[in-house]
Structure formats: structure tokens, C-alpha cells
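Undergrad: Structure for this input, please:
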Amino acid sequence: MAEFGDILLQTIALGGPAERERDVGGGVVVRLENGAPQGQTVEGDFCRVQRLNIPPQAGADGLAPIVLAQGNGIGHMAAFLYHRPTRVLLLQSNNLSATPNRAAQYLATLDPAQIFSLAPVLTDDAMERFRAGRPRSFIVKFAGIDRLEVLDDPDLAVSQGAKMIGDAYDGLEVEIKVSVGRRRNHWLEQNRLTRTIGRLMGEPGIEKLQSQLEGDERPLDLLHEQLQANTELRLPEAQPERHYHSRRDYLREVFRDHWPTLERQFGAPNGDAAR
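TA: Below is the predicted model:
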């Protein structure tokens, strides 16, 4: 199986931006805008190209259409940094662009044989609880029945049933719980649960993502106990390259700041991995 970083660089070599575009489902078009090796990392930018449902521009005299050149769209960006030794991917959070699930789907459309499962990096405390615990139940709450499309197969009985109930009662929220019930010495399979969490994380409309571990009084909040960083950047207007550099530099800073945690959880082959 090809290495994740190599696939990113091979995608850049496909040609111009148009040659790198792929429909990842539902008319959502994603492309790798740029990417380059930097030491032990691969850095770049994902772009979701919005050509449909373009919003209007708001001026002093009211609203007016945004007129784009033929074939063009609005670009929604998400910078990334992939660290090869630990296989950790830092991804700018932008629900309008490439979420973790869309990024994985994008790579799968390039080569169906290359299917990657992305899982969240938890905080040290959450990771210790998850590794030491035995999951008894798992809860996911969707803000709207249309969000069920994020599941692996929209034809699954659980999706059909939840959608039917939501439609019947005009529901705006759907909550699904998977549990071993009252059976003793039974737990949810941890690797499978990790893959499910990876598919759901970062998706818009997910309001709750929890796992109840055996012996724990409080559930593990997988939505909010992920390793993440937030800041406010002053991004230059009408300068796409400088815009990207500002976001890229912030990802580099975040990686350096969180390196001790990443090293503890995933290790590194040598002392230069964090540089």
C-alpha cells in the first residue's frame, strides 16, 4: 500500500488544478490545490470548488449576483500538514472545505485501492481512558436527518429507520446509540469503533459523539476531547499565496506546540521528527 505522503505528492504531479479535481459525492468537488515536501512533512492546501448555489454579494444598494467566469467556482480552502514518521495529519477546520472524511474520500477516488481510515488524535487524558477502557456503548447525534449520508452505507437499516422516524415526526435531530446492553463480558470492538469515529469526526451537523467505557461514570466526549488548536488569523485579502502561507505557518506552530503529546502517543524514529 502506498504511503499517504507519497500519494499526496503523486496527486500534485497529475497536472494542473483541473486534473486534480474529483467529485467525492453529492456534487462536492475537491482538489489538492498545492502540496510540497518539507523535511519529514508534506504540506499543502485542499480546495473545495463550489460551482453551484453561489450566494449573492451584498452591496450598499442590496444584493447582486456574483458573476464568475465560465467553469470557475468559489474556493473553500483547508491547509494541511502531514508528518510522515508518526502518520499524523493536521488539517485546518473548515466545514465548507475538505473535512477529514472528504479528504479520505478524495484520496479513494484517485485510487480505489488506497482507502485510508482517519481517526482523531485525542488529548492525553482521553487517550489513556480510551486505551485502558472497554467501550460498552457509543452515541452519535446528528443535527438533521440529511446528515445520515455520512454513514458508510445510506441503505443500512439503521439509516433507513432513523430517516423514516425523522420524516414521520418532522425531526430536526437524530440520535443513534449502539450498545452491548446488559450483557456481561461483552464490549464494542475497539478498532471498529475507532474507524467509525474517524469517519464521523469533523463532519458538519454532528452534535454529540460519545463512548461509555466500562467502569467510567462519565462518558468519553470524543467530539470535544480531540487534540485541537484555535486562533484568530489576520489573513491578507486578494493574495491567495500569502493567504495560504499564513495558514500553513500556523499549522507548523501548532505541530511544534503539540509535539510532546504526539510523540508520547505515536512515537518517532529519531529525535529530528519534530523539526
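Undergrad: rest of the way, CA atoms for contacts and neighbours
TA: Noted.
Undergrad: OK, contacts around the residue lying closest to Ile206 once chain neighbours are set aside?
TA: With sequence-adjacent residues excluded and distances taken as CA to CA, 6 or more residues apart in numbering, Ile206 is closest to Phe142, at 4.8 Å. Phe142 makes contacts with Leu148, Glu173, Val174, Glu175, Gly205, Ile206, Glu207, Lys208, as judged by CA atoms under 8 Å, 6 or more residues apart in numbering.
Undergrad: Bridged to Phe142, which residues?
TA: Val174, Ile206 (DSSP bridges).
Undergrad: mind checking how far it is from Glu173?
TA: According to CA to CA, to the nearest Å, Phe142 and Glu173 sit 6 Å apart.
Undergrad: cool, and Val29?
TA: Here Val29 is placed at a distance of 27 Å from Glu173 (CA to CA).
Undergrad: Asn230 now?
TA: Taking CA to CA as the measure, Asn230 and Glu173 are separated by 27 Å.
Undergrad: More neighbours: those two, which one.
TA: Comparing Asn230 with Glu173 by neighbour count (other CA atoms under 10 Å), the higher total belongs to Glu173, at 17 against 9.
Undergrad: quick one: the more buried one and Ile206 touch, right?
TA: No: assessed by CA atoms under 8 Å, Glu173 is found out of contact with Ile206, at 9.8 Å.
Undergrad: tell me, what's touching those two both at once?
TA: Taking CA under 8 Å, 6+ apart as the contact rule, the neighbours common to Glu173 and Ile206 are Lys141, Phe142, Ala143.
Undergrad: With pLDDT and distance to Leu107 as added columns, please give those residues in a markdown table.
TA: Below are these laid out as a markdown table (pLDDT from 0 to 100; distance: CA to CA, whole Å):
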| residue | pLDDT | distance to Leu107 |
| --- | --- | --- |
| Lys141 | 84 | 27 |
| Phe142 | 77 | 25 |
| Ala143 | 72 | 27 |
